[in-house]
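Asks: got a predicted model here, sequence first, then my questions.
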Amino acid sequence: MKKYLKYIIFILIVIVLIIGLRVKKEDYLKGKYNIEINIENYGSMYLELDADTAPITVTNFVNLVKNKFYDGLTIHRVVSGFMIQGGQSSSEMVDTIKGEFSENGVKNDISHKRGVISMARVSGDNNSASSQFFIMHEDDPSLDGSYAAFGHVTKGIEIVDEIVKDVAKYGDENGILPLENQPKINYIKMVEKD
């Protein structure tokens, strides 16, 4: 019986840990978080993320950043006067999250103005955002209420302008760039506020 008692205790510990992780998954971040996005040949942009407005989105994004998910990915879509988009990975599946915007029953007052970061999603599926994000090149309030904006550029917005100027011309009708023209994300990391 003593021999089996060790196994029973081990199994109980595993069950408690699994249940604990599930509960923890619902513990979303609160407050403001700062990140640095470094793009090869362009330099760094600094952004402030707002977990008070979009806790699910910010928690998801911060977890991906901490796991270095974005390091080495690219900016794969660029539309002049609209936005630059990155964070697409064909090799890893990422869980989808609830869209935090009014069309989906969530209050979100962050307007899609120049420098705002928001989550990309599949058209017609409010809960399909995962890892892809976009940063606004110019204001577009038509996105308000339909996409989960979750922060803004605090320094380095000129990098968005430079990327648009350099590569938007290579995009197809949707702004998708050929691989050789996609600016590389060297890294995205958490930083302390200046």
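Replies: Yep, it's here. Residues are numbered from 1 along each chain as shown.

Asks: checking Tyr46 next. Helix, strand or coil?
Replies: Under DSSP: H, G, I helix; E, B strand; the rest coil, the three-state class of Tyr46 is strand.

Asks: any idea how far it lies from Tyr170?
Replies: Applying C-beta to C-beta, to the nearest Å, the value for Tyr46 to Tyr170 is 27 Å. (Glycine included, C-beta is placed from N, CA and C.)

Asks: please, where are all the helices along the chain?
Replies: Here the chain has its helices, by DSSP state H, at 2-25, 55-66, 158-167.

Asks: in terms of mean pLDDT, which of those ranks lowest?
Replies: In terms of mean pLDDT, the lowest-scoring of the helices of the chain is helix 2-25 (a mean of 57).

Asks: could you list the low-pLDDT ranges of this structure?
Replies: 1-26, 91-93, 194 (pLDDT under 70).

Asks: if we use 80, what do you get?
Replies: Applying pLDDT under 80 to the chain flags residues 1-26, 89-93, 193-194.

Asks: which ones are touching the spatially closest residue to Phe133 that is not a sequence neighbour?
Replies: Leaving out its chain neighbours, the residue that sits closest to Phe133 by C-beta to C-beta, 6 or more residues apart in numbering is Gly87, at 5.0 Å. Going by C-beta atoms under 8 Å, 6 or more residues apart in numbering, Gly87 touches Leu64, Phe69, Tyr70, Leu73, Ala120, Ser131, Gln132, Phe133, Ile185.

Asks: distance check, Gly87 against Lys193.
Replies: From Gly87 to Lys193 the distance is 23 Å (C-beta to C-beta).

Asks: one more: Val106?
Replies: Val106 is 26 Å from Lys193, by C-beta to C-beta.

Asks: now do the strands in the chain.
Replies: 32-39, 43-50, 75-79, 83-86, 116-119, 133-136, 149-155, 185-191 (DSSP state E).

Asks: what angle do the first one and helix 158-167 make?
Replies: Spelled out, that is strand 32-39. 30 degrees (axes from the mean of the first three to the mean of the last three C-alpha atoms, to 10 degrees).

Asks: turn the strands of the chain into JSON lines, columns for mean neighbour count.
Replies: Listed next are those as JSON lines, based on neighbours: other C-beta atoms under 10 Å:
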{"stretch": "strand 32-39", "mean neighbour count": "20"}
{"stretch": "strand 43-50", "mean neighbour count": "19"}
{"stretch": "strand 75-79", "mean neighbour count": "23"}
{"stretch": "strand 83-86", "mean neighbour count": "24"}
{"stretch": "strand 116-119", "mean neighbour count": "26"}
{"stretch": "strand 133-136", "mean neighbour count": "24"}
{"stretch": "strand 149-155", "mean neighbour count": "21"}
{"stretch": "strand 185-191", "mean neighbour count": "18"}
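
Asks: mind putting those strands in a markdown table, distance to Pro178 included?
Replies: Compiled in a markdown table, the strands of the chain are given as follows (distance: least, C-beta to C-beta, whole Å):
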| stretch | distance to Pro178 |
| --- | --- |
| strand 32-39 | 17 |
| strand 43-50 | 23 |
| strand 75-79 | 10 |
| strand 83-86 | 15 |
| strand 116-119 | 24 |
| strand 133-136 | 19 |
| strand 149-155 | 26 |
| strand 185-191 | 17 |
